[in-house]
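Q: This is the structure alone, sequence omitted:
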């Protein structure tokens with residue numbers, strides 16, 4: 001009986017494969033999938049938790065290089081505002097491990113429903129991971145949006161249905177003097193690229209939105225406090241007699257990406273312009289004189305120091 005028991009035990013040991021612990025490549029793949037899952041959960045904290053405290057992020061939606069936990073979190077707060085249909089699907093990936101460092105390069109596809117139409121954006125990524133306290137954490141992220149020249153234009157049409165200049169500025173596809181000044185979870189502040197003078201700022205939503213009535217509750221909740229702060233900073237820096245806050249977004253009689261113009265104005269302009277307000281702006285556009293880039297950059301630097309980091313209102317999802 002003893003010999004039979006030993007034989008059964010030996011057969012059992014040979015017939016059951018031993019559990020092999022996951023290797024570094026499998027662990028890195030799991031961390032990448034965790035990032036995908038965090039994006040699909042629309043929870044910025046889940047995404048931020050996957051980043052090393054010294055991580056560097058250059059995101060698809062931002063021309064700004066982020067190298068501090070607070071700025072990384074600021075970037076992922078955009079997840080609070082995405083459409084419920086927004087999701088990411090992981091494609092092919094190539095993982096290389098070099099001791100305590102690893103690189104994963106591959107593709108993924110973003111998709112969502114915009115204006116009732118399904119859209120998709122294939123993109124490529126490169127994640128650099130660093131092993132810290134037994135965990136693989138994202139250390140450097142670069143995620144260029146464009147795959148090929150043809151995909152570039154296809155993606156642009158899908159993500160910006162009206163070939164939106166405001167969206168292209170947000171994504172860094174167009175030159176922006178002074179660069180981004182600040183951002184909240186839902187809104188971005190930039191200097192005006194048109195001929196409205198130094199100190200004229202633009203406040204617009206990250207999301208391509210053409211009507212105030214279509215703002216989400218989170219976007220509407222942030223808007224008032226942000227406009228107040230931006231207007232105050234413009235007035236403090238320029239000592240203007242008045243600060244105009246207006247929204248037209250109706251060029252060529254077509255609704256466009258909404259954007260508030262926050263413009264300093266002085267009573268001395270009465271010597272130059274026939275009437276204040278819209279009359280001033282009409283005359284400036286007719287003249288078409290863009291302000292000096294160096295002056296715009298200097299103003300943006302001053303405004304940035306006062307506006308960022310901007311306090312956030314509670315976000316309701």
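A: That came through, no problem. Only a predicted model underlies this, so the values are computations on that prediction, with no experimental measurement involved.

Q: Please spell out which residues along the longest helix along the chain are buried.
A: Among all segments of the chain classified by DSSP state H, the helix with the greatest residue count is helix 217-238. For helix 217-238, burial by neighbour count (16 or more other C-beta atoms under 10 Å) applies to 218-219, 221-223, 226-227, 229-231, 233-235, 238. In short, each C-beta sits where N, CA and C put it, glycine included.

Q: Name the spans of the stretch 151-300 of the chain whose pLDDT lies under the cut-off.
A: Low-confidence segments of the stretch 151-300 of the chain, defined by pLDDT under 70, are located at 151-162.

Q: Break down it into its strands, ranges please.
A: 182-183, 187-191, 201-205, 242-246, 260-265 (DSSP state E, counting those that start in this stretch).

Q: Including mean neighbour count and distance to residue 279, could those strands go into TSV?
A: What follows is the strands of the stretch 151-300 of the chain, written out as TSV (neighbours: other C-beta atoms under 10 Å; distance: least, C-beta to C-beta, whole Å):
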stretch	mean neighbour count	distance to residue 279
strand 182-183	25	30
strand 187-191	23	23
strand 201-205	24	20
strand 242-246	16	11
strand 260-265	22	11
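
Q: buried set for stretch 119-135?
A: For stretch 119-135, the neighbour count (16+ other C-beta under 10 Å) marks 119, 121, 122, 123, 124, 125, 127, 128, 129, 130, 131 as buried.

Q: ok, for the fifth one, nearest residue in space, not its chain neighbours?
A: Distances taken as C-beta to C-beta, 6 or more residues apart in numbering put residue 107 closest to residue 124, at 5.0 Å, once the chain neighbours are dropped.

Q: before we move on, what about the second one?
A: By the measure of C-beta to C-beta, 6+ apart, the closest residue to residue 121 outside its immediate chain neighbours is residue 110, 4.4 Å from it.

Q: Do I have it right that the one you found meets residue 123?
A: Yes: at 6.6 Å, residue 110 and residue 123 qualify as touching, with contact defined as C-beta atoms under 8 Å.
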